[in-house]
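Participant: Would you be able to build a 3D model of this:
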Amino acid sequence: MSAFEDMPPLVVPKKRKAEDIPALREELEVLAEKTKTARKKLKAQGSFDAEFWSAAVDVERKILEKTRVTSIISLSEFAGEESKWAISEEARNLFAQMRAQHRRIASYTAQTEALSLSKPRRGFREAFIQLFTTSRMGLGINTGMGKRDSSVQSNFRTQLLKDYESLDTTGKKAWCPVLHDYVPIRYVTASHIFSYRHGQAAMDSIFGHRRPPELFSSRNGILLSNVIEAYFDAGVLAIVPDLPDRPSHNMLAEWVQKYIHDYKIRIIDHSWTELDDEIYTSNGLKWRDLDNRPLVFKGKQRPAARYLYFHYCLQVLRRTWKAGPGQAAAFTLGEELGKPVWTTPGRYIAKNMLRAFVEELGHDGENLMLGARCSQGHKETLLDIFTNQIAKTAEENKPEGWTEEDEEDSQDEDDSEDEC
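Facilitator: Residues are numbered from 1 along each chain as shown. This next block holds a predicted model:
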């Protein structure tokens, strides 16, 4: 099976005349209002039963329709040919969002059907509810957990600066391991690798319980210049072990046994239109120059390989789902996986979850199974988390139809972002 068979369906927009755009914008405003109303009804539900998840399907369908209309407006306002629009970054992000939203509808529908027949296992129910409701990556339903203390994220940043020994002697600049340079500290982001918005229950389900929990650990974080962090979750680049494409067994063994692991950047989307643009630095460095560029850290602290592997898999899926209509021939996962980009084995992610993810990608993703650990969980959890993160991109970027009231609703659940 190829990576493009059985992908979530793609709604391909049709270009409209300029005089049709005002009516489309009005349609978008109506959809935004309907979505807000449906979301409020969903929040009023007393329990997470089949009726709740049926209502969640209705909400997600409205969100998908908003994305579809947004794509029509985007194409209609594009000055060039439709084929040129389809490979633009804006269009490709919309394709990924629509595919993710389709899959969320399928997940909510499956949960509705499961609850209509029998009660799911308790552990699955806990992880699923947190993932799809209280998480900002999901529906954003307030279940009494309250706002997250903003000091937690501030402490996370402070801990990363300390553990990674990132501050210069003045304390006003911090080291970026990708740029190999100190950056004014206000332009440095303390980024979670596994997003805190998925929650600790989801992290434990995928990676296993760890004590102490690592959601806000330095092992789940990295300090990046804002300009690099902006593309950290864009399906463009990933952090992988610093090894050749096809390392020898001795190289693999040596890397695994090292106390301090070495990593590098790999570009996984060689069709990205900004590859030859200069990064905002003083040395003329371009995005293309980051491919195979080693990460340089100041201290001995490193991110845990399991979270970087999770991030790598997420970027591969995002890269896949960004492919537009008719682009299957131009892109296969062999471009990234024919020569495995992540080459080291490890017990990172529950085996059955990773298998479900690989099946989503097709046979070209089989190399990703080298990161499987023997324990099991609900097989769809990993893919559901990836789907949530990709689907939420639309709201993070505040697209057409995103209202101030939507913004306030989200902030009611969590005031802060994944960065500080």
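Participant: Could you list every helix and strand in contact with the host helix or strand of Glu33?
Facilitator: Counting by DSSP states H and E, the element that carries Glu33 is helix 21-43. Of the remaining helices and strands, those touching helix 21-43 by 3 or more CB pairs under 8 Å, 6 or more residues apart in numbering; DSSP states H and E are helix 50-77, helix 404-413. Using the backbone N, CA and C atoms, a C-beta is placed for each residue, glycine as well.
Participant: Sort out which residues of the very next helix or strand once past the longest one are buried, please.
Facilitator: I take that to be helix 50-77. Sequence order places helix 82-86 as the next helix or strand after helix 50-77, per DSSP H and E. Applying a neighbour-count criterion of 16 or more other CB atoms under 10 Å, one finds 85-86 buried in helix 82-86.
Participant: distance between helix 82-86 and the chain's centre?
Facilitator: With CA atoms, centre = their mean, to the nearest Å as the basis, helix 82-86 stands 25 Å off its chain's centre.
Participant: What mean pLDDT does it get?
Facilitator: On average, the pLDDT along helix 82-86 is 89.
Participant: Then stretch 373-393?
Facilitator: Rounded mean pLDDT across stretch 373-393 is 82.
Participant: got it, and stretch 52-72?
Facilitator: 91.
Participant: Show me the shaky parts of this protein.
Facilitator: 1-9, 11, 44-46, 117-149, 281-282, 325-341, 362-365, 393-420 (pLDDT under 70).
Participant: could you pull out the helices for the stretch 151-300 of the chain?
Facilitator: Assigned by DSSP state H, counting those that start in this stretch, the helices in the stretch 151-300 of the chain fall at 200-207, 226-229, 249-257.
Participant: Could you look over the ones you listed and pick the most buried one?
Facilitator: Of the helices of the stretch 151-300 of the chain, the one with the most neighbours on average (mean count of other CB atoms under 10 Å) is helix 200-207, at a mean of 22.
Participant: circling back: please identify the buried residues of the helix holding Glu33?
Facilitator: 24, 27-28, 31-32, 35-36, 38-39, 42-43.
Participant: what's the answer for stretch 49-61, then?
Facilitator: Those would be 52-61, for stretch 49-61 by 16+ other CB under 10 Å.
Participant: Would you mind giving the helices of the stretch 151-300 of the chain as CSV with distance to Ser88 added?
Facilitator: Conversion of the helices of the stretch 151-300 of the chain to CSV gives the following (distance: least, CB to CB, whole Å):
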stretch, distance to Ser88
helix 200-207, 33
helix 226-229, 21
helix 249-257, 38
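Participant: Among these, which comes closest to Asp291?
Facilitator: Closest approach to Asp291 among these (CB to CB): helix 226-229, 13.7 Å.
Participant: Against Glu214, how distant is the residue nearest to Arg210 when sequence neighbours are not counted?
Facilitator: For Arg210, ignoring the flanking residues on the chain, the nearest one in space by CB to CB, 6 or more residues apart in numbering is Asp204 at 7.6 Å. Distance, Asp204 to Glu214, by CB to CB, to the nearest Å: 9 Å.
Participant: swap in Lys162?
Facilitator: Taking CB to CB, one finds Lys162 at 16 Å from Glu214.
Participant: The two - which one has more neighbours?
Facilitator: Legend: neighbour count by other CB atoms under 10 Å for Lys162 and Glu214, higher for Glu214 (19 against 13).
Participant: List the contacts of the closest residue to the more buried one other than its chain neighbours.
Facilitator: Spatial nearest neighbour of Glu214, excluding adjacent residues (CB to CB, 6+ apart): Asn220 at 5.1 Å. Asn220 makes contacts with 192-194, 214, 303-304, 307, as judged by CB atoms under 8 Å, 6 or more residues apart in numbering.
Participant: can you tell me which of those are in strands?
Facilitator: His192 (DSSP state E).
Participant: ok, the contacts of Asn220 vs Val152, which is closest?
Facilitator: Among these, and counting by CB to CB, the member closest to Val152 is His192, at 11.3 Å.
Participant: Does the closest one touch Arg219 like I think?
Facilitator: No: the pair His192 / Arg219 is not scored as a contact, 10.9 Å apart, by CB atoms under 8 Å.
Participant: Settle it for me: which of these two has more neighbours?
Facilitator: Set side by side, His192 and Arg219 show more neighbours around His192, with 23 against 17, by other CB under 10 Å.
Participant: Look up the residues forming beta bridges with the more buried one.
Facilitator: Gly221 (DSSP bridges).
Participant: residues touching it, list them.
Facilitator: His192 neighbours (CB under 8 Å, 6+ apart): 156, 215, 220-221, 418.
Participant: repeat for Met353
Facilitator: Per CB under 8 Å, 6+ apart, neighbours of Met353: 206, 377-383.
Participant: Tell me the most packed of those, by neighbour count.
Facilitator: That'd be Leu382 among the contacts of Met353, by other CB under 10 Å, with 26 neighbours.
Participant: for that residue, helix, strand, or coil?
Facilitator: Here Leu382 is helix, with the state taken from DSSP: H, G, I helix; E, B strand; the rest coil.
Participant: So the residue nearest to it when sequence neighbours are not counted, which state does it fall into?
Facilitator: Once flanking residues are discounted, Leu382 sits nearest to Met353: 3.8 Å by CB to CB, 6+ apart. Following three-state DSSP, Met353 is assigned to helix.
Participant: measure Met353 to Ala202 for me?
Facilitator: Distance from Met353 to Ala202, by CB to CB: 11 Å.
Participant: And for the spatially closest residue to Phe216 that is not a sequence neighbour, the neighbour number?
Facilitator: Spatial nearest neighbour of Phe216, chain neighbours left out: Phe156 (4.9 Å); criterion: CB to CB, 6+ apart. Using other CB under 10 Å, Phe156 has 21 other residues around it.
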